[in-house]
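In: I'll drop the sequence and a predicted model, then ask my questions.
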Amino acid sequence: MLIRLANLVPNTIGPVPFIVVSPYVVYDFDQDAYAEVYAKAGEGDPRAIDGRVLEGPEYLVKIDGRSGRIVGKRDWHSREGWHNYNRSLRNILAVAYLDGKSPSLIMQRGTYELMKTSALDKDLQQIWKWEYRKPCPQAENNFDLRKGPGTHGLITADID
């Protein structure tokens, strides 16, 4: 069955054409030999004239890989806190084995001055949440805003 993610997430794709705007992960989280799909989704299409999505609910949805039905949903990290629209668009999903046994989903929004990250179990229940806020987000120039943590991707690994 083909799931058309472009139709699933109409209000989450802004003018920046990369996967960090509307991420998805296909993985067998419940280890039953069938993959689930986790994706950033929204409702409607509340776009500004320039294509940016500045309002409207955003969710993380769990989709049954066999039927294509949404079987779980929770709020995505909020848009509040950024001084730059582009930096709030950095949305990332990844898989990590945090306990060494079961897969967890890592959900992240933002880069540079603010990063919101959560670890979730297969049922979208929060395991932990971490937020980084740069001490002084109003910098004198664009280079200063980019100093410190920032990411356009997320890599997980079991290194022990």
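Out: Good, I have the coordinates.
In: is it true that Arg87 lies in a strand?
Out: No: secondary structure of Arg87 (DSSP: H, G, I helix; E, B strand; the rest coil): helix, not part of a strand.
In: that one contacts Met115, doesn't it?
Out: No: Arg87 lies out of contact with Met115 (Cβ atoms under 8 Å); the separation is 9.3 Å. No exception for glycine: its C-beta is placed from N, CA and C like everyone else's.
In: what about the two, which has more around it?
Out: Each of Arg87 and Met115 has its neighbours counted (other Cβ atoms under 10 Å); Met115 has more, 23 against 20.
In: beta partners for the more buried one?
Out: Here Met115 shows beta-bridge partners Tyr132, assigned using DSSP bridges.
In: give the full set of residues in contact with it.
Out: Neighbour list for Met115: Gln108, Arg109, Glu131, Tyr132, Pro149, Gly150, Thr151 [criterion: Cβ atoms under 8 Å, 6 or more residues apart in numbering].
In: next: Gly65.
Out: Counting by Cβ under 8 Å, 6+ apart, Gly65 has contacts Val26, Tyr34, Ala35, Glu36, Val37.
In: go again with 10 Å.
Out: By Cβ atoms under 10 Å, 6 or more residues apart in numbering, Gly65 lies in contact with Met1, Ile3, Val26, Tyr27, Asp28, Asp32, Tyr34, Ala35, Glu36, Val37, Val71.
In: so what's the residue nearest to Thr156 when sequence neighbours are not counted bridging to?
Out: Distances taken as Cβ to Cβ, 6 or more residues apart in numbering put Ala96 closest to Thr156, at 4.0 Å, once the chain neighbours are dropped. Beta bridges link Ala96 to Ser104 when assigned by DSSP bridges.
In: kind regards, and thank you for your time.
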